[in-house]
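> fold the following.
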Amino acid sequence: MTKYLVVDASFAIRLVTPHTQRDFFKNLSDRWFADGIILSAPSLWLYEVTSVTTKLVRFGEFTDLQGRNLLKLLQNMGIELFEMDESLIEKAFEWTIQLNRAAAYDSFYLALAEKLNCDFWTADQRLVNAVNQPWVKLATPQS
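Next up is the predicted model:
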């Protein structure tokens, strides 16, 4: 049986960019890889990591070349992407309404984790607090 974990763009960006907690993210993903766990995300993950990367370039944290290299690295991380089908869209809509949000981006990650019956890991504290489910995990050194 395949074991999945859903990870969002906030997790992926922290895994591959320099910051004080990068070793934590790297060790966590290395452990998952060693255990044969497949990291997954809805296909919109590509749009989100591209958006974050362009912001890093726009605000001078990365050069254009560094941004392009970061995008290549993200695309080659081995994240299994799932296309949005009718059931995923419906579940994402339900999550968006339940969380009283105007945008559905985060809800697609939640819907996919439910569909795959797995945990969802994020670096977004506000999302974890809003969802308040044991399968929604905050990626911090305390987790």
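
> need the pLDDT of Q142.
You'll see Q142 listed with a pLDDT of 70.

> ugh, typo on my part, it should be N69
97.

> can you list the low-confidence ranges for this structure?
Applying pLDDT under 70 to the chain flags residues 1, 143.

> can we see that at 90?
1-2, 19, 140-143 (pLDDT under 90).

> which stretches in it count as strands?
Assigned by DSSP state E, the chain shows strands spanning 4-7, 38-42, 80-82, 120-122, 136-138.

> got a markdown table for those, with distance to R101 and mean neighbour count too?
Any C-beta I mention is one placed from the backbone N, CA and C, and that applies to glycine too. Output for the strands of the chain, formatted as a markdown table (distance: least, Cβ to Cβ, whole Å; neighbours: other Cβ atoms under 10 Å):
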| stretch | distance to R101 | mean neighbour count |
| --- | --- | --- |
| strand 4-7 | 18 | 25 |
| strand 38-42 | 16 | 22 |
| strand 80-82 | 21 | 15 |
| strand 120-122 | 14 | 25 |
| strand 136-138 | 14 | 18 |
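
> could the ones you listed go into TSV alongside distance to F24?
What follows is the strands of the chain, written out as TSV (distance: least, Cβ to Cβ, whole Å):
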stretch	distance to F24
strand 4-7	14
strand 38-42	16
strand 80-82	23
strand 120-122	12
strand 136-138	12
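
> burial of the closest residue to A104 other than its chain neighbours, as a residue count?
In this structure, A104 finds its nearest non-sequential neighbour in T96, 4.3 Å apart by Cβ to Cβ, 6 or more residues apart in numbering. Neighbourhood size, T96 [other Cβ atoms under 10 Å]: 19.

> again, but for Y105
17.

> in stretch 78-98, which residues are buried?
Judged by neighbour count using 16 or more other Cβ atoms under 10 Å, the buried positions of stretch 78-98 are 79, 82, 88, 91-92, 95-96.
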